[in-house]
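Undergrad: mind folding the following:
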Amino acid sequence: MDYDEICKKVASLDPNIRFAGIINENGRLVAGGMRQGISSLEDSRDDEMLYMELVLRAKMRREFDKVLGPVEFAMSYREKLTIMSFPIKEHILLVSGEKGIDFATLPFKILKIIRS
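TA: Below you'll find the model as predicted:
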């Protein structure tokens, strides 16, 4: 699976996507990143904390896979951003976007990219 290509395809879905990146099981960014010309709302140290927290939450969600089925995506609707995460094997695709993204359809478009 070409993670850089996945990130490029996801970022091209909507101009309001700020970030599309793959986070590994250690909470490190291994592909993709911030859209060119956009600066992060947090500093790089906070990015690392966000990635590690994301990995921890994803691992905790797996505890319910037997009963509820595996997580296809999770979303946080925040004051400044919408953040979505998509498990891909041991990695996580993290996508953040401006408040104007269409969060009713965008996650399903991203799932199609991941599954293709």
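Undergrad: can you get me a residue count around Leu50?
TA: The local packing of Leu50 (other C-beta atoms under 10 Å) involves 17 other residues. Using the backbone N, CA and C atoms, a C-beta is placed for each residue, glycine as well.
Undergrad: report how many residues lie close to the closest residue to it other than its chain neighbours.
TA: Nearest residue to Leu50 in three dimensions, chain neighbours excluded: Glu42, at 7.0 Å (C-beta to C-beta, 6 or more residues apart in numbering). Here the count is done by other C-beta under 10 Å, and Glu42 has 10 residues near it.
Undergrad: quick check: Glu42 is in a strand.
TA: No: if the criterion is DSSP: H, G, I helix; E, B strand; the rest coil, then Glu42 is coil and not within a strand.
Undergrad: pLDDT at it, what is it?
TA: What the model reports as pLDDT for Glu42 is 70.
Undergrad: where does this protein have low pLDDT?
TA: 43-44 (pLDDT under 70).
Undergrad: need the helices for it, in chain order.
TA: Counting by DSSP state H, residue ranges of the helices within the chain are 3-11, 44-61, 65-68, 106-115.
Undergrad: looking at the ones you listed, which is closest to Gln36?
TA: For the helices of the chain, the distance to Gln36 is smallest for helix 3-11, at 9.3 Å, taking C-beta to C-beta.
Undergrad: mind putting the helices of the chain in a markdown table, distance to Ile17 included?
TA: Below are the helices of the chain laid out as a markdown table (distance: least, C-beta to C-beta, whole Å):
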| stretch | distance to Ile17 |
| --- | --- |
| helix 3-11 | 5 |
| helix 44-61 | 16 |
| helix 65-68 | 28 |
| helix 106-115 | 8 |
